[in-house]
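>>> need a structure here:
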Amino acid sequence: MTEDEARARSRFMVIQIVRLTGLGLFLFGLLAIAGRVELPVAAGYLLAVVGMAEMLVVPLILSRKWKSPKP
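Next up, the predicted model:
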């Protein structure tokens, strides 16, 4: 495996981990909204919104930042 392949693989893994943590925050927020977790409902909404943003927006930002330059 070349250095470029290793870098691409690690970046891909980072993006997937960010997506998974965003999903976890979103689900935890939904649990708080439903009253299954001892958190205020407002905190649940905040966690859900932040988790959704982390799932949908942050991977796009990272992939644009790490995009290979055009030759």
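>>> separation between residue 65 and residue 20?
Distance, residue 65 to residue 20, using C-beta to C-beta, to the nearest Å: 19 Å. C-betas here are computed from N, CA, C, even on glycine.
>>> neighbour count: the two, which is higher?
Neighbour count, other C-beta atoms under 10 Å: between residue 65 and residue 20, residue 20 has more, with 12 against 8.
>>> helix or strand for the more buried one, which one?
helix 3-34 (DSSP states H and E).
>>> toward the C-terminus, what is the element adjacent to that helix?
helix 41-56.
>>> what comes up buried for that following helix?
44, 47, 48, 51, 54, 55 (16 or more other C-beta atoms under 10 Å).
>>> list the contacts of that helix.
Residues outside helix 41-56 that contact it (C-beta atoms under 8 Å, 6 or more residues apart in numbering) are 18-19, 21-35, 37, 39.
>>> buried subset of the residues you listed?
Buried among the contacts of helix 41-56 (16+ other C-beta under 10 Å): 18, 22, 25, 26, 28, 29, 30, 32, 33, 39.
>>> re the thing from before, packing partners of the helix holding residue 20?
Applying 3 or more C-beta pairs under 8 Å, 6 or more residues apart in numbering; DSSP states H and E, we find helix 3-34 packed against helix 41-56, helix 58-65.
>>> nearest to residue 71, out of those helices?
Minimum separation from residue 71 across the helices and strands packed on helix 3-34 (C-beta to C-beta) falls at helix 58-65, 18.0 Å.
>>> now the angle from that closest one to helix 3-34?
Counting by axes from the mean of the first three to the mean of the last three C-alpha atoms, to 10 degrees, helix 58-65 lies at 160 degrees to helix 3-34.
>>> elements contacting helix 58-65?
Short answer (3+ C-beta pairs under 8 Å, 6+ apart): helix 58-65 packs on helix 3-34.
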